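A.B. asks: show me the folded form of this:
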Amino acid sequence: MERFFQLVTSRRRTVVALASLVLAGAAITSSGLEIDYSVEQFFPTWGEERALFDEYRAIFPREDAQVAFFLETPSGLDEASSRTLDAVAGAFQDVGLTDVWWAGRAGDDAIFRRFLWNDERTVHAVQGILPPERNDDENRRRVADLLESRIASLGIDERWSLSGTPMLRAQVPKLLEVDQNLLLGGGVLLFFVVLYAFVGHAGRVLLALAAVLPAYLVTLALMAALGKPVTIMTSFIPIVILVVGVCDSTHLLSHWMRHRAAGLAPVHAATLTFAELASSCFFTSVTTALGFLSLVATGIGVVSDFGVFTAFAVMTTFAFTLTLLPALLAFGREGRVHAPPALAPRLVRPIVRGARSLARERSATPVFAFGALAAVCLAAGSRIPIDTYLVDDLKEDTRILRDLRWIEASGFGLFQTNVFVRGDGPRLLDAEMLAWMERTQRALENEAIVTATLSPADLVRVASGHATEQDASDLQAMLGSLLRPDHGAAQIVVSVEDAGSLRTLPFLERVDSVLDADPPPHGSADVTGTVLMAHTFSSHVLRSFAPSIALSLVMIWLVMSGLFGSLRLGLVAMVPNLFPLVALAGVMAWLGVPLKPSSILVFSIAFGIAVDDSIHLMGRFRHLLRRGHGRERAIRGALRDTGPALVMSTVVVGGGFSLLLLSRFELLHLVGLLTATAAVAALAADLYLFPALLRLTPARWGSSRESSWPPAA
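C.D. replies: Next comes the predicted model:
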């Protein structure tokens, strides 16, 4: 190992040149990477529900393509509001929306209640359809920007909102991108400031981040080469590799500075540092990568891709850290390094000193204390509810969610559950089928989360009251979105609130019960649509959460057992790594945070942080044992040597992620809060629990002075 790093440091210019070429190639390759924030990527790709949904979307491609404008009309549909709605309808048509409807065109038909106006007539709407061939991320954003600009230029005094599923799909990713860019930039800045307090040299701080950008660009290049777009999930990869890269770099820099302070030259210090810590860094990367790879067990394409590419990014970060970083450090000037500012030692040393003092005592108190706290957290965490929303992870004070709440409170529903009817085309509109459709609608309208329903029966009933050719043409256009005789298919559109899975899943089960109790007289009827598929995705991810975590725990236990040369010691090492996960469950229960797919991301990041720190501590402990130190002395020496880096990496990670508390997204807010919590819990377990476990566990370590535990009396 030492020979390899001697080669790296002696050929440092070549290493930097090769890394620069890789970076340039990755930047060019990744420039063609596409972005896809569509909701369909989250849907399961297998099973009867997906097959039914695909069949339905092939026949009714305009499902969830409605763009809606809502205007507050406290005086009803007066002349001023009519002009506004007419102008907005014109804007809808100008940007390419089809089948544009509003009260001025629809008349006063009751079927438009809760679609174009609410019961009290205090809110009116304009509805249009984004053509299926234009319902992609790029076009949705363009249409949203054009409509926002056109509507804003009207100078509307009353409250208004531009919404609908295509607009939400355009607005939410845009907010996410802004948040990620600002907060990731702020995180890097905070990492720089905190690391500077520890390292005391701006150049070395930049070196600590040197492996992050190349690793991310290489990962993007791989995604581009494989034809994989950037998704909402994979857009979090920079945050993950920033954590992994900074944690390892903090330990490496700490070790390098200690050698430099002892008088070693930069090249010799870099060679010795990386030879001593390469094994620990490798295992921290492998265990973190395995944790993310376990997400493949969910079977959801976008989640599996996130797990695979994040694991690849973690290992790529390791590769750059152990090649580019030693080469860069070897360029350092001769002479002793400057001591870090006084702030870092004053904050770090008391914590490490306390851990070393506690390690001197032959006491099981830390084990009992952490065990009691874990039991409390587990008891609380077992009561965490599972509740997911279609528009999830936005803070309540964001404009999108405020408008959504206002629209739903006014009596409208922006989302659809679809009753997909298949049968003989000519008989889809006979008297028996029309009567069945009306019965089904009445049954579903009694549900609390249903705002309105619409079926071919409604349009057939209303058509008899329209004599003009234009009216007949308009109704025929609407009927085309509900009835396809050429495909032998029809649908009942059920508009629903975004009520959360606790209410929506039982509702979907009751819809199935209604259809089972009263099936159509001809053909069949099934529930489908985006609402069902989105909640199916959430349910499947949450069901696979426990097996995924269990799989990652087993894999990481085996890896750590290989590192320590004992299955039992690998199991002991897992205990402090599990504590942060248990602590997260307790904090989530205390804060009232429900379990949902985004929580899996937090748990994965938290587990990676916990494993990294304990491996660095254990790696130094084993190194000291091999140099002939006894167990007690090796424990205290490991705390002395790695403790400051453990504390500073926790401060860096916790401080950086705490910036996410400022995000408008509940997801990023939770990532920030819970990751910072996990970092502190992992530090406490590594400094206080892990040494106590090492002292209490009988085992062979291969030390020249101490071959077995416990020592003879």
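
A.B. asks: which SSE is immediately downstream of the least confident helix or strand in the chain by mean pLDDT?
C.D. replies: Here the helix or strand of the chain ranked lowest by mean pLDDT, DSSP states H and E is helix 469-480, holding a mean of 58. Per DSSP states H and E, the first helix or strand lying C-terminal to helix 469-480 is strand 483-484.

A.B. asks: mean confidence score for that next one?
C.D. replies: In this model, strand 483-484 has an average pLDDT of 88.

A.B. asks: likewise for stretch 203-223?
C.D. replies: Per-residue scores along stretch 203-223 average to 82.

A.B. asks: what is the end-to-end distance of that stretch?
C.D. replies: With Cα to Cα, to the nearest Å applied, stretch 203-223 spans 31 Å between its terminal residues.

A.B. asks: name the residues that touch it?
C.D. replies: Residues from elsewhere that reach stretch 203-223, judged by Cβ atoms under 8 Å, 6 or more residues apart in numbering: 19, 22-23, 25-27, 29-30, 33, 188, 191-192, 195-196, 199, 229-230, 234, 237-238, 241-242, 245-246, 249-250, 253, 257, 309, 312-313, 316-317, 319-321, 324-325, 328-329. Just so you know, the C-beta spots here come from the backbone N, C-alpha and C atoms, and that holds for glycine as well.

A.B. asks: which strands or helices does the longest helix anywhere in the chain pack on?
C.D. replies: Secondary structure assigned by DSSP state H gives helix 165-199 as the longest helix of the chain. With contacts taken as 3 or more Cβ pairs under 8 Å, 6 or more residues apart in numbering; DSSP states H and E, helix 165-199 sits against strand 66-72, helix 137-152, helix 202-208, helix 237-261, helix 343-360, helix 399-409, helix 631-658, helix 666-684.

A.B. asks: dump those to TSV, plus distance to residue 8.
C.D. replies: Output for the helices and strands packed on helix 165-199, formatted as TSV (distance: least, Cβ to Cβ, whole Å):
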stretch	distance to residue 8
strand 66-72	57
helix 137-152	42
helix 202-208	14
helix 237-261	13
helix 343-360	29
helix 399-409	50
helix 631-658	22
helix 666-684	30
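
A.B. asks: so which of the ones you listed comes closest to residue 56?
C.D. replies: The minimum distance between residue 56 and the helices and strands packed on helix 165-199 falls on strand 66-72, with 16.0 Å, by Cβ to Cβ.

A.B. asks: now the element after that closest one, going C-ward?
C.D. replies: helix 79-94.

A.B. asks: burial measure for the residue lying closest to residue 648 once chain neighbours are set aside, as a count.
C.D. replies: Closest residue to residue 648 in three dimensions, ignoring its sequence neighbours and counting by Cβ to Cβ, 6 or more residues apart in numbering: residue 198, at 4.4 Å. By other Cβ atoms under 10 Å, 28 other residues sit near residue 198.

A.B. asks: if we can go back for a sec, direction-wise, compare the longest helix of the chain with helix 666-684 and give the angle.
C.D. replies: 30 degrees (axes from the mean of the first three to the mean of the last three Cα atoms, to 10 degrees).

A.B. asks: in helix 165-199, what's buried?
C.D. replies: 165-173, 175-176, 179-180, 183-184, 187-188, 190-192, 194-199 (16 or more other Cβ atoms under 10 Å).

A.B. asks: which helix or strand contains the nearest residue to residue 240 once chain neighbours are set aside?
C.D. replies: Counting by Cβ to Cβ, 6+ apart, residue 240 lies nearest to residue 310, which is 5.5 Å off, once chain neighbours are set aside. Element membership of residue 310, judged by DSSP H and E, is helix 301-321.

A.B. asks: which residues touch the following helix or strand past that helix?
C.D. replies: Reading on from helix 301-321 to the C-terminus, the next helix or strand found by DSSP H and E is helix 324-329. Helix 324-329 is touched from outside by 5, 8-9, 11-13, 15-16, 19, 207, 210-211, 214, 249, 252, 256, 266, 269-271, 273-274, with contacts defined as Cβ under 8 Å, 6+ apart.

A.B. asks: restricted to helices, list the residues you listed.
C.D. replies: 5, 8-9, 12-13, 15-16, 19, 207, 214, 249, 252, 256, 266, 269-271, 273-274.
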